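**Student:** here is the input, now give the coordinates:
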Amino acid sequence: QNGTATLDSGAMLFPGNAPSAAVVNNLFRNIYGANPITGSATYTGQLGFNLDGTLFSHVTPVGNYFVENFRDPETDTQYIAGSRKQLNFGWPNSQVVNTNERITVFSKLDYDVTDNTSVFAQATFTTYDALTYFNPTLASGAAYALSAPVTNPFLSPDARLILASRRDPNADFTFQKAFTAAGDRLQTNTYDVYQIVLGANGVVPYRDWTWDVFASVGQTKTNNIQHGALSKSAVVKLLYDPFGGAGGSRLEYDPVSGAPVGMVAYPVLCAGGANFFGNHPISDSCMDFISRRTSNTNDMKQRVAEVNFQGGLFNLPAGEVRVATGLGYRYNAFQYNSDELYNIPGVGSDILGYSVLRPSGGNTSVSEIYFEALVPLLKDAPMAREVNMNLGYRYSDYSSVGGVSAYKVDVDWSIIDALRLRGGYNRSVRAPS
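**Tutor:** Presented below is the predicted three-dimensional model:
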């Protein structure tokens, strides 16, 4: 994750409402004893939260400015970059190979009904689990950054001082954080796959003709379960709660007249509340409040049936004309169901770090007939060791686009054993899936 500037400590951003550079520099130079970090009228970088309540500069403006006053210990998940202009987020738990467990059962039966006719059956079933670890939730960027109010009770006096120096001191601010304290995200994928094939083949009492017929059914069911995801609405609720989720009562005032309206009680959302401003641990109670387990399922089905005939038709001077013809049918369907937390009406996805996932599904089918012929034109003639023509035609009737035709004409010219020329013309059609 080198280069990702979303930190365990969290950071304030100030798009369109930057704090005073004089206030920032006074805090860093005169209170912290650090170097000045900007020379413009406003500070346009980020300010992160040390565990002791002080601030550090991060993603500083363009110029000769560096990370200043970072007091927490550097770790694998949060360390100063080589340029010293920002801290980087790191994640040391990446897997080279995912953990997999697979069980497969296979069975096949062949039976000769007569000397010229055989039947067969085949069944396959596979179930396997894949376990994957992902980095902790990152609340960052235009899509996933959070906002926080200046009234959050866990904001330190230094943070309040900086926020009060903005053009609009009461406005919310942008807040980014790597929720490393919440732990890694875990994803399990369970796949159940089966296929059953039944068929027969035999000999036609004409020349060397043969036939075969088969039908198959198959299905793949996938269950994707994600552990350790965080609810955006739950995190926001803690950020905007006057007591940070710890519960309490306070005197409220009418927003228009300013007159007191009485004491208002706020329930306990999680014991002790949640302080996200700094790399503080998150209590089990607060983890229960913000964490979510989600499940997405995908079900794919396929049905196939074919009957084919092939053999020699008649002889020409250059050899035997051979043909193959048959009928086929294919049906494919899928149904994807996302967890409701990824597609809340009017809200979108409530899972931090994930965009909207909507249920979808559909099916397609096609019936086909085809004919193919190999026609020998010349053999052992001057300048023609052999010349063959291959003709093919297929008509497909799709449930989506209707009937379409495909065809081909190929010529294979062998001048001598060491020299062969091929050429042809064909038209193919690919229907939308």
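
**Student:** when you work out contacts or count neighbours from here on, use the C-alpha atoms and nothing else.
**Tutor:** Will do.

**Student:** now do the strands in the stretch 201-350 of the chain.
**Tutor:** Per DSSP state E, counting those that start in this stretch, the stretch 201-350 of the chain carries strands over the ranges 210-230, 248-253, 260-266, 291-316, 319-337.

**Student:** centre of the chain to the last one, how far?
**Tutor:** Put simply, strand 319-337 sits 32 Å off its chain's centre (CA atoms, centre = their mean, to the nearest Å).

**Student:** can you check the fourth one too?
**Tutor:** The chain centroid and the centroid of strand 291-316 are separated by 26 Å, computed with CA atoms, centre = their mean.

**Student:** can you name every helix or strand that it contacts?
**Tutor:** Packing contacts for strand 291-316, counted by 3 or more CA pairs under 8 Å, 6 or more residues apart in numbering; DSSP states H and E, involve strand 210-230, strand 319-337.

**Student:** so after the last one, what's the next helix or strand?
**Tutor:** Past strand 319-337, heading to the C-terminal end, the next element that is a helix or strand (DSSP states H and E) is strand 360-381.

**Student:** tell me how many other residues crowd L269.
**Tutor:** By the criterion of other CA atoms under 10 Å, L269 has 21 neighbours.

**Student:** residues contacting it?
**Tutor:** L238, G245, A246, G247, C286, F289 (CA atoms under 8 Å, 6 or more residues apart in numbering).

**Student:** wait, isn't the second one in contact with F276?
**Tutor:** It refers to G245. No. The criterion here is CA atoms under 8 Å, and G245 misses it with F276 at 11.6 Å.

**Student:** adding mean neighbour count, mean pLDDT and distance to R358, write the strands of the stretch 201-350 of the chain out as a markdown table.
**Tutor:** Converted to a markdown table, these look like this (neighbours: other CA atoms under 10 Å; pLDDT from 0 to 100; distance: least, CA to CA, whole Å):
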| stretch | mean neighbour count | mean pLDDT | distance to R358 |
| --- | --- | --- | --- |
| strand 210-230 | 19 | 96 | 15 |
| strand 248-253 | 13 | 90 | 39 |
| strand 260-266 | 12 | 90 | 35 |
| strand 291-316 | 17 | 96 | 10 |
| strand 319-337 | 17 | 96 | 7 |
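
**Student:** wait, which of those strands is closest to T190?
**Tutor:** strand 210-230 (5.2 Å; CA to CA).

**Student:** that closest one pairs with which strands, parallel or anti?
**Tutor:** Paired neighbours of strand 210-230 in the sheet (DSSP bridges): strand 185-203 (antiparallel), strand 291-316 (antiparallel).

**Student:** take those strands and write them to TSV, including distance to V323.
**Tutor:** As requested, these are exported to TSV (distance: least, CA to CA, whole Å):
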stretch	distance to V323
strand 185-203	15
strand 291-316	6
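
**Student:** so which of the ones you listed gets nearest F173?
**Tutor:** Going by CA to CA, the one of those nearest F173 is strand 291-316, 23.6 Å.

**Student:** where do the strands sit along the stretch 1-150 of the chain?
**Tutor:** 11-13, 46-49, 55-58, 78-80, 87-89, 99-112, 117-134, 138-139, 146-148.

**Student:** pick out the shakiest of the ones you listed, pLDDT-wise.
**Tutor:** With a mean of 84, strand 87-89 has the lowest mean pLDDT of those.
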